[in-house]
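What follows is a predicted protein model with its sequence.
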Amino acid sequence: MQKRKQTIGLLVFLVIVWGINWPLSKIALTYAPPLLFAGIRTVIAGIILVIAALPKRKQLNFRQLWPVYLVSAFLSIVFYYGFQTIGLQYVPSGLFSAIVFLQPVLLGIFAWIWLGERMYGLKIAGLVIGFLGVASLSLGGLTGSISPVGVLLALASALSWALATVYTKRNAARVDMLWMTAMQIMIGGVILLAAGSASESWADITWSPPFIVNTLFIAVFVIALGWMVYFKLINEGEAGKVGSFTFLIPLISIGSSVVLLHEQITMNLVIGMLLIVSSIILVNVRLGRAAGRIVQPPVPGLGKE
């Protein structure tokens, strides 16, 4: 009972901070270029996590595990946050987050292809409905009211996140999860910061109180604590619960975007969200036990350095 309460508490925390992250990031982008903003917030989070992990420094094992840390950094941080931060400049934050949370549906496909999970009728229906949901959300791209580039970047974010989850789960037995989280965020943040420094100007950052507060909140709660909680739940076999709760994140994102950014709720957005919510539920209906096994089978082509 105590463990269940802890799991629910961690899920509630994750849903809330990851939900409000989207409009806060959109606001922060009015004060800073995308890659520099992504790098700054991620490096701050990485420093926090490295400090937290120092008491376990013997478990870092960097000489043997650096390839795992590097691949994870690119999938979880460089690609995910890079696509996300750039894409938020093109489409509303609520819409962007709704497309990104197609991730559990993509994860269902990858579990079938790489982890040997059975593809049953409800899951197939869920996957089809999920893609219909994204199609509904993306219709504005065909009429010119929504940027197709933004939609593609949102899909790329979802893809990189799904691949990162599979990769992390595959290597969970080889690495200490705190060091895994700290290293992927620290390395990814440095890469993003270097890319931003090379292609953008630090002079374009407005160091105002709203930007500083937003950046610190996202670095500490969304990235540092958020990823620790996410991978803790995944590593403890709670993937099914995480997957079934993720549909709440874009709902919170959309609601907070309406309040903070005055974004409009369109019929396409409502239909697309309903389809994606239905999809996630169907995909996770029979994942209760399978989710606990998802770490076990080897992943061809992943995790072999």
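That came in fine, so what should we check first?

Helices of the stretch 1-150 of the chain, start to end?
Listed in chain order, the helices of the stretch 1-150 of the chain (DSSP state H, counting those that start in this stretch) span residues 2-28, 34-53, 62-73, 80-87, 93-100, 103-114, 121-143, 148-170.

and the longest one, what's its mean pLDDT?
Think helix 2-28. Helix 2-28 carries an average pLDDT of 89.

List the buried residues in it.
Neighbour counts over helix 2-28 (16 or more other Cβ atoms under 10 Å) mark 7, 10-11, 14-28 as buried. Heads up, the C-betas are built off the backbone N, CA and C, glycines and all.

My guess is residue 192 contacts residue 84. True?
No - with the criterion set as Cβ atoms under 8 Å, residue 192 and residue 84 do not qualify as a contacting pair; they are 11.0 Å apart.

Overlap in contacts, these two.
When contacts are counted by Cβ atoms under 8 Å, 6 or more residues apart in numbering, residue 192 and residue 84 have residue 38 as shared neighbours.

where does this structure dip in pLDDT?
Across the chain, the ranges flagged by pLDDT under 70 are 115-117, 138, 140-145, 234-235, 237-244, 246-247, 283-305.

residues contacting the most centrally placed residue in it?
The centroid of the chain falls nearest to residue 161 when counting by Cα atoms, centre = their mean (5.3 Å). Under the criterion of Cβ under 8 Å, 6+ apart, the contact partners of residue 161 comprise 75-76, 80, 100, 103.

What of residue 75?
Applying Cβ under 8 Å, 6+ apart as the definition, the contact partners of residue 75 turn out to be 160-161, 163-164, 167.

nearest spatial neighbour of it, skipping sequence neighbours?
Leaving out its chain neighbours, the residue that sits closest to residue 75 by Cβ to Cβ, 6 or more residues apart in numbering is residue 164, at 3.8 Å.

Would you list the phi and psi of residue 119?
Comment: the main-chain dihedrals of residue 119 come out as phi -100, psi 100, following degrees, to the nearest 10.

burial measure for it, as a count.
By the measure other Cβ atoms under 10 Å, the count of residues near residue 119 is 12.

Would you enumerate the residues in contact with it?
Taking Cβ under 8 Å, 6+ apart, one finds residue 112 in contact with residue 119.

again, but for residue 81
Taking Cβ under 8 Å, 6+ apart as the test, what residue 81 contacts is 38, 42, 188, 192.

What of residue 262?
Remark: with contacts taken as Cβ under 8 Å, 6+ apart, residue 262 is in contact with nothing.

Could you measure from it over to residue 223?
Taking Cβ to Cβ, to the nearest Å as the measure, residue 262 and residue 223 are separated by 26 Å.

Compute the inter-axis angle for the host helix or strand of residue 210 and helix 34-53.
Counting by DSSP states H and E, the secondary-structure element that holds residue 210 is helix 209-217. In terms of direction (axes from the mean of the first three to the mean of the last three Cα atoms, to 10 degrees), helix 209-217 departs from helix 34-53 by 40 degrees.

Residue 180 against residue 170, yeah?
No - using Cβ under 8 Å, residue 180 and residue 170 do not qualify as a contacting pair, with a distance of 11.6 Å.

More neighbours: these two, which one.
Per other Cβ under 10 Å, whichever of residue 180 and residue 170 has more neighbours is residue 180, with 27 against 21.

Quick check: that one vs residue 71, distance?
Between residue 180 and residue 71 the distance is 11 Å, computed by Cβ to Cβ.

Also residue 236?
Computed with Cβ to Cβ, the distance linking residue 236 and residue 71 is 22 Å.

what's residue 31 sitting at in phi/psi?
Taking degrees, to the nearest 10, you get phi -110, psi -10 for the backbone angles of residue 31.

What is the neighbour count of it?
The burial count for residue 31: 17, using other Cβ under 10 Å.

Assign residue 173 to helix, strand or coil.
Assigned state for residue 173: coil (three-state reduction, DSSP: H, G, I helix; E, B strand; the rest coil).

got a list of what residue 216 touches?
For residue 216, the contacting residues are residue 44, taking Cβ under 8 Å, 6+ apart as the criterion.

quick one: it from residue 40, how far?
Taking Cβ to Cβ as the criterion, residue 216 is separated from residue 40 by 10 Å.
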